[in-house]
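1. Here you go, sequence then predicted model.
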Amino acid sequence: MGFRRISHDVKLAAIRLHERDLPSLHNILDSCIFSKRTWFRILKLWRETGDVVNHRPTLRGRLRALDHKDIDIHCLLRLIRQNSNYFWTNSRRVQCI
């Protein structure tokens, strides 16, 4: 079976049914169309975190060396004032392109 997204509500309902021992595990898997592997992955998450969804960190990719918070604006302005010709000629070159 290929990848398909199983909603949070369906996973939670299956967990609640299993905790109350209402239908057998086989009936839960048949009605929710889970594989056994998916079921035990969901159950493991439930037991470890208390949630049925694996929350991934929001930051993805390589961490950057500098952030906008790291730049001292006063130092940057001083560099621009000291080397105004350099910044002026490069900015004109960029604007002409």
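-> That came through fine. Numbering: from 1, shown residues only.
2. CA only for contacts and neighbour counts going forward, please
-> Will do.
3. where are the low-confidence patches of this protein?
-> By pLDDT under 70, the low-scoring segments of the chain are 1-3, 57, 64, 66-68, 70, 87-97.
4. can you give me the helices for it?
-> Listed in chain order, the helices of the chain (DSSP state H) span 8-19, 25-32, 36-49, 73-82, 84-96.
5. burial of Leu25, as a residue count?
-> Residues near Leu25, counting by other Cα atoms under 10 Å, number 15.
6. separation between the closest residue to it other than its chain neighbours and Asp72?
-> For Leu25, ignoring the flanking residues on the chain, the nearest one in space by Cα to Cα, 6 or more residues apart in numbering is His18 at 6.9 Å. Counting by Cα to Cα, to the nearest Å, the separation of His18 from Asp72 is 57 Å.
7. Just the buried positions in stretch 7-25, please.
-> If you call a residue buried by 16 or more other Cα atoms under 10 Å, then stretch 7-25 has these buried ones: 11-12, 14-15.
8. do stretch 52-64 as well
-> Within stretch 52-64, the residues scored as buried using 16+ other Cα under 10 Å are 52-53.
9. what does it contact?
-> Residues from elsewhere that reach stretch 52-64, judged by Cα atoms under 8 Å, 6 or more residues apart in numbering: 8, 11-12, 42-43, 45-46.
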